[in-house]
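> A structural model of the following input is requested.
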Amino acid sequence: MRWSFNLERSQTTALWLFGVALLVLAMVVVGGATRLTGSGLSITEWKPILGVIPPLSEAGWQDAFHKYQQIPQYRLVNAGMSLGAFKGIYWWEWAHRLLGRLVGVAFVIPMGVLWWLKRLPRRLLVRCFIILGLGALQGLIGWWMVASGLDRGTAVAPERLAVHLGLALLIFVACIWTGLEAWSGRARASSQLLDNGWTTAAAGLLGAIYVQCLLGALVAGNQAGRINTDWPLMNGRWIPADYVGKGGLWGTLAHSVAAVQFNHRLFAYLILIAAVVMAVRLFRSRSSMARILARPFLWVLGGLFLQACLGVLTLVFAAPLGLALLHQITAASVLALATGFAWRTARS
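A predicted model of the protein is given here:
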């Protein structure tokens, strides 16, 4: 098939990628609900194809429930659970896995159609294949995460949860960035936005927000949002007395409940300070590029402050389902805004 080399931009491709990003966001949110409801270990097998079909008979439900009863979470946390209660947690995990499959279908089929119709810019083809590869890897990472909770403990390993969420958010960012590229076309050869280090600063802020999301995953994985619920102190102290955990440095950073919450708090403060400094620099600068960047950055700054407020409320109320999910949605939204801002600074 001959390629149309003249195609530099495609709004159809952009809308497709933005749609995939929304599906990834939905998958992240349902994944958060799955974790908060303790549902993530309810399906003890990984069947990429046949797993899309839930139990369809009473015997099927009994078999799935029997398999769940063999893992530590049932024996140590949910002993005596009824079949009806099991179905409640099963459907959360099933919906999460179904969304993952839908994301794959929503990526592969339109990509093939756009490629065949020559509506996919050639310069973006490699990026799309990379995103596709990351999506396939995400399925393996998801099972690797679930497997960590099937034979030991009562939940998945927090560090594996962080890897799983981190890869999902990487796909989310890649879809948004590539979608913006498809919408706007190739950048001009001469760049006017590289002055004053705005490109580096925007990339640094995007990276920091991404890391903060991973720190949040460690908080979630350790259920650290339900302890030390006073603010701005932690159990009456600025630095928690039980910060250092067992197992050395890694045990502290990944598994100490006090440490992961403190690190998440501290990094949030640092990001807010950096964002305020960037805003002051932008609004005090007299360059035309700074004036162009100031308005979109206000959205990033506003999102960061909203997210900080939601984080405090989620903590103070000990992470109820609604607030925790809103906190997660806002985190992804801020990441999307920061992605758009970083992309804008990198354009000429």
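> quick one: buried residues of the helix or strand that residue 21 is a member of?
Following DSSP states H and E, one finds residue 21 within helix 11-36. The neighbour-count check on helix 11-36 (16 or more other C-beta atoms under 10 Å) flags 13-14, 16-18, 20-36 as buried. Quick note: C-beta positions are derived from backbone N, CA and C, even for glycine.
> For whatever helix or strand comes next after it, which helices and strands make contact with it?
Going down the chain from helix 11-36, the next helix or strand is helix 58-68, by DSSP H and E. Counting contacts by 3 or more C-beta pairs under 8 Å, 6 or more residues apart in numbering; DSSP states H and E, helix 58-68 packs against helix 83-116.
> just the angle between the next helix or strand after the helix it packs on and helix 11-36, please?
Once helix 83-116 ends, the next helix or strand along the chain (criterion: DSSP H and E) is helix 125-147. Per axes from the mean of the first three to the mean of the last three C-alpha atoms, to 10 degrees, the angle that helix 125-147 makes with helix 11-36 is 10 degrees.
> elements contacting helix 125-147?
helix 83-116, helix 158-184.
> Deepest-packed of those, please.
helix 158-184 (a mean of 21; mean count of other C-beta atoms under 10 Å).
> Which helix or strand lies directly C-terminal to that one?
Per DSSP H and E, the first helix or strand lying C-terminal to helix 158-184 is helix 198-221.
> would you put the C-alpha positions of the following helix or strand past that following helix in CSV?
Next along the chain after helix 198-221, taking DSSP H and E as the criterion, comes helix 248-255. C-alpha atoms of helix 248-255 as CSV (Å, rounded to 0.1, in the frame of the first residue of the first chain):
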residue,chain,number,x,y,z
GLY,A,248,15.7,-0.8,55.1
LEU,A,249,15.4,2.0,52.5
TRP,A,250,13.1,0.1,50.2
GLY,A,251,10.9,-1.1,53.0
THR,A,252,10.5,2.5,54.2
LEU,A,253,9.8,4.1,50.8
ALA,A,254,7.4,1.5,49.5
HIS,A,255,5.9,-0.1,52.6
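> Any chance of JSON lines for the helices and strands packed on helix 125-147, columns mean pLDDT?
Converted to JSON lines, these look like this (pLDDT from 0 to 100):
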{"stretch": "helix 83-116", "mean pLDDT": "93"}
{"stretch": "helix 158-184", "mean pLDDT": "95"}
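> can you put the ones you listed in CSV and add distance to residue 347?
Below are the helices and strands packed on helix 125-147 laid out as CSV (distance: least, C-beta to C-beta, whole Å):
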stretch, distance to residue 347
helix 83-116, 23
helix 158-184, 7
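> quick one: residue 134 from residue 296, how far?
Distance of residue 134 to residue 296, computed by C-beta to C-beta, to the nearest Å: 27 Å.
> Ignore what I typed, I meant residue 268.
Distance from residue 268 to residue 296, by C-beta to C-beta: 22 Å.
> Comparing the two, which shows the higher neighbour count?
Set side by side, residue 268 and residue 296 show more neighbours around residue 268, with 20 against 15, by other C-beta atoms under 10 Å.
> Run a quick neighbour tally on the nearest residue to residue 74 once chain neighbours are set aside.
Distances taken as C-beta to C-beta, 6 or more residues apart in numbering put residue 68 closest to residue 74, at 5.5 Å, once the chain neighbours are dropped. If you count neighbours by other C-beta under 10 Å, residue 68 ends up with 20.
> Having no further points to raise, I will conclude here.
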